[in-house]
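S.K.: Here is my input, please return the structure:
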Amino acid sequence: MAVKNLEDRMKAAGGALKLLRDSQTGPNPYPVVKPEYTNWRDEQWAWQNTAILFNQSFHMTDLFVSGPESFDFLNYHGINTFKGFEPGKAKQYVPVTWDGHVIGDVILVYLAKNKFDLVGRPPVINWISYHAATGKNPKTGKKWQVTLVRDDRSADRKNPWARKFFRFQIQGPNAMKVTTKLLKKTPPELKMFNWTYLKIAGKQVGALRHGMAGQPGFELFGPMKDYETVHAAIVKAGEEFGLRLVGGRAYSSNTLESAWIPSPMPGIYSGDEKYVKYRKWLPADSFEGNASLGGSFYSKNIADYYVTPHDLGYGFMIKFDHEFIGKAALEKIHNNPHRVKVTLELVSEDVQKVLASQYDNKDNAGERGKFFEYPSAVYSMYPQDKVLSKDGKQVGVSTWVGYSSNERKELTLAYLEPEFAKEGTDVVFVWGEEGGGSLKPTVERPHKQFQIRAKVCKAPYVQEVQKAYADAGSWRATGKQD
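M.R.: As a prediction, the model looks like this:
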């Protein structure tokens, strides 16, 4: 049969789980930007010790939303409150399904009156686009009066440079020194998730107070025609302060120290007719259609892979002061115990056993473990590994695993049942897929599963990051975005 949409593609594959588990797609791509500019160890070191430049111009999708009902439209499709939200501010924006499962999260920038920019991975962009095209304002019963302009990520376009905006982040202990030299004056004092315009090398640039590595800094954005001028100016200003360019390899691992879970599975692969309509709207080759599921967590029920905002540490963002899709579902579970986001510190001795299994057993390849890539060991779009108690009971799910050269540890971000989420609790992380591995090209077949001891730690894991977020008034520390 002709496969035109996600629903068709799921049926042709024999269901969502079969489609995702054997997908030929690996982890999220970071196009255009080099994998390494020096080496990923030094690039990781720089974000904790000097300064770094993250180039985010190519791997995220932008969706510009405007029109007289744009404010109400976005408010209705997110769990966040919009009280006090005005131009010059931004926030982490989280939509959920009708059943309260997370679609994803993006940065929502309030550009000007009735004009917004959503920046992030495609699932949220697709969800918002669908509701703009098909939904109605519940107050008027009429189609939403909004206009959308989409700027797809480079991986989804023929010309990877054909973007509307560049986006750079200056981060690290020396970030403010770099910015001061860049501006030839002291940077403005902005609270987290506030932004303003600056002049850099004669170009007008938006500057958002934001950070990915848990260190002070700015996210800078402007028209793509000014890319080279602004990039060169940042590099020049950063020379005396040890600024390093960060490549795709190190970039994908910074979340291990800052505790952001990048890629939850959107809760759209099952459900009633509302979900079927959405899947029929999504193209077969959409992000959701091409996505892959990997890891040691196996369930016959696709919904077991979905998450609520609480699982991701976003429970504090849920505000019942407005109507929104998924409100009734989240109200039902609001007072229930919830899984808790943590960092797992893997026991190095056990990790080394997995690495050692790669050697000297060529006559019995099935004895090797799933290879740990460095620094990020993530090998699918939706990574989900089992976390067990010491007596073998599943107590949570690991979502993002990799190595921090700064900490000399293999770390993973996970959400655990509350009784097992206490700092210092001993758990077991299961690494590798069942049955010798799936058909994904990123999975070596055969391999065997390994059980790796782990200790529950705080998220964020790094003490300096915890302090930096608290000092900067970050929502990760305060639970407030405005």
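
S.K.: can you give me the mean pLDDT across stretch 165-173?
M.R.: Stretch 165-173 carries an average pLDDT of 96.

S.K.: same question, stretch 84-96
M.R.: Computed over stretch 84-96, the average pLDDT equals 97.

S.K.: Using CSV, write out every CA atom in that stretch.
M.R.: Taking C-alpha atoms only, stretch 84-96 is exported to CSV below (Å, rounded to 0.1, in the frame of the first residue of the first chain):
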residue,chain,number,x,y,z
GLY,A,84,3.5,38.4,33.1
PHE,A,85,4.8,37.0,29.7
GLU,A,86,5.7,39.9,27.4
PRO,A,87,8.1,40.9,24.7
GLY,A,88,11.7,40.7,26.0
LYS,A,89,11.0,37.4,27.7
ALA,A,90,11.4,33.7,26.8
LYS,A,91,10.5,30.4,28.5
GLN,A,92,10.8,26.7,28.3
TYR,A,93,7.6,25.7,26.6
VAL,A,94,6.0,22.3,27.1
PRO,A,95,2.9,21.1,25.2
VAL,A,96,1.2,17.8,26.2
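
S.K.: immediately after the helix or strand containing residue 123, which helix or strand?
M.R.: Element membership for residue 123 (DSSP states H and E) is helix 122-134. Of the helices and strands lying after helix 122-134 in sequence (DSSP H and E), the nearest is strand 147-151.

S.K.: Taking helix 122-134 as reference, get the angle to that following strand.
M.R.: Angle of strand 147-151 versus helix 122-134, following axes from the mean of the first three to the mean of the last three Cα atoms, to 10 degrees, is 150 degrees.

S.K.: just checking, what packs against the helix holding residue 123?
M.R.: Where contact means 3 or more Cβ pairs under 8 Å, 6 or more residues apart in numbering; DSSP states H and E, helix 122-134 is packed against strand 61-66, helix 70-76, strand 115-120, strand 147-151, helix 273-281, helix 287-290. (Each C-beta comes from the backbone N, C-alpha and C, glycine too.)

S.K.: hmm, 10 Å instead?
M.R.: Judged by 3 or more Cβ pairs under 10 Å, 6 or more residues apart in numbering; DSSP states H and E, the packing partners of helix 122-134 are strand 61-66, helix 70-76, strand 106-112, strand 115-120, strand 147-151, helix 273-281, helix 287-290.

S.K.: Would you mind putting the CA coordinates of that helix into PDB?
M.R.: Written as PDB, here are the backbone C-alpha positions of helix 122-134 (Å, rounded to 0.1, in the frame of the first residue of the first chain):
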ATOM      1  CA  PRO A 122      10.500  19.100  15.300                       C
ATOM      2  CA  PRO A 123       7.900  17.200  17.500                       C
ATOM      3  CA  VAL A 124       6.600  20.400  19.200                       C
ATOM      4  CA  ILE A 125       6.800  22.400  16.000                       C
ATOM      5  CA  ASN A 126       4.700  19.700  14.200                       C
ATOM      6  CA  TRP A 127       2.200  19.600  17.000                       C
ATOM      7  CA  ILE A 128       1.700  23.300  17.100                       C
ATOM      8  CA  SER A 129       1.500  23.500  13.300                       C
ATOM      9  CA  TYR A 130      -1.200  20.800  13.300                       C
ATOM     10  CA  HIS A 131      -3.400  22.700  15.800                       C
ATOM     11  CA  ALA A 132      -2.900  26.000  13.900                       C
ATOM     12  CA  ALA A 133      -4.100  24.300  10.700                       C
ATOM     13  CA  THR A 134      -7.000  22.200  12.200                       C
END
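
S.K.: Just the buried residues of that helix, please?
M.R.: Of the residues in helix 122-134, 122, 123, 124, 125, 126, 127, 128, 129, 130, 131, 132 count as buried by neighbour count, 16 or more other Cβ atoms under 10 Å.

S.K.: what about that helix, average pLDDT?
M.R.: On average, helix 122-134 scores 98.

S.K.: All the strands of the stretch 301-450 of the chain, in order from the start?
M.R.: 340-346, 382-383, 385-388, 394-404, 409-416, 426-431, 450-457 (DSSP state E, counting those that start in this stretch).
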